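S.K.: sequence and predicted structure, then a few things I'm wondering about:
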Amino acid sequence: MQDNQIYDYLLSHGVKGSVQRVAVMKYLLEHHTHPSVDEIYNDLVRKLPTLSKTTIYNTLKLFVDQGVVRMLTIDGKNANFDGDTSEHAHFFCFGCEKIYDIPQSKTNCEQEISLPGGFKAEQTELYYKGYCPACLTKRDC
């Protein structure tokens, strides 16, 4: 996605674009690794030397609040970020500590769990945890 398209995408979600915001969003769209703030900072500071971690934290908070990105707390220690806001689950591998996207429709999740009367879910996060195929192979050796 080009910078001007990212700028328009952010505007469509009520986020004013800036060089830093566009750079963070572009990074998330290009890196499907569910990066942490530190990873984003370490990669972007080379291109934007005036960028601070505080700017990244504030940008990501705004993006999460506006529904532009998803924040994942799958490993219980770190906050990771996903630029893909479509309905899908995540898998955390205990071995390599990578996070994988797992196709999953919201409808399937809602069919499995029925909320008590009076509750209305606005967001659902489904996390699986275990070992990816590569780590399973290593464990079985």
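M.R.: In hand now; what should we look at?
S.K.: what helices and strands are in contact with the one helix or strand Phe63 maps to?
M.R.: Secondary-structure assignment from DSSP states H and E places Phe63 in helix 53-65. When contacts are defined as 3 or more C-beta pairs under 8 Å, 6 or more residues apart in numbering; DSSP states H and E, helix 53-65 packs onto helix 19-30, helix 37-44, strand 70-72, strand 80-82. C-betas here are computed from N, CA, C, even on glycine.
S.K.: redo that, cut-off 7 Å
M.R.: helix 19-30, helix 37-44 (3 or more C-beta pairs under 7 Å, 6 or more residues apart in numbering; DSSP states H and E).
S.K.: that one: how far from the chain's middle?
M.R.: 12 Å (C-alpha atoms, centre = their mean, to the nearest Å).
S.K.: report the buried residues of it.
M.R.: 55-56, 59-60, 62-63 (16 or more other C-beta atoms under 10 Å).
S.K.: extract the C-alpha trace of it and format it as PDB.
M.R.: Taking C-alpha atoms only, helix 53-65 is exported to PDB below (Å, rounded to 0.1, in the frame of the first residue of the first chain):
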ATOM      1  CA  LYS A  53       9.100   5.100  21.600                       C
ATOM      2  CA  THR A  54       6.600   7.400  23.200                       C
ATOM      3  CA  THR A  55       5.400   8.400  19.800                       C
ATOM      4  CA  ILE A  56       5.000   4.800  18.800                       C
ATOM      5  CA  TYR A  57       3.100   4.000  22.100                       C
ATOM      6  CA  ASN A  58       0.800   6.900  21.600                       C
ATOM      7  CA  THR A  59       0.300   6.100  17.900                       C
ATOM      8  CA  LEU A  60      -0.600   2.500  18.600                       C
ATOM      9  CA  LYS A  61      -3.000   3.400  21.400                       C
ATOM     10  CA  LEU A  62      -4.800   5.800  19.000                       C
ATOM     11  CA  PHE A  63      -4.800   3.100  16.300                       C
ATOM     12  CA  VAL A  64      -6.300   0.500  18.700                       C
ATOM     13  CA  ASP A  65      -8.900   3.000  20.000                       C
END
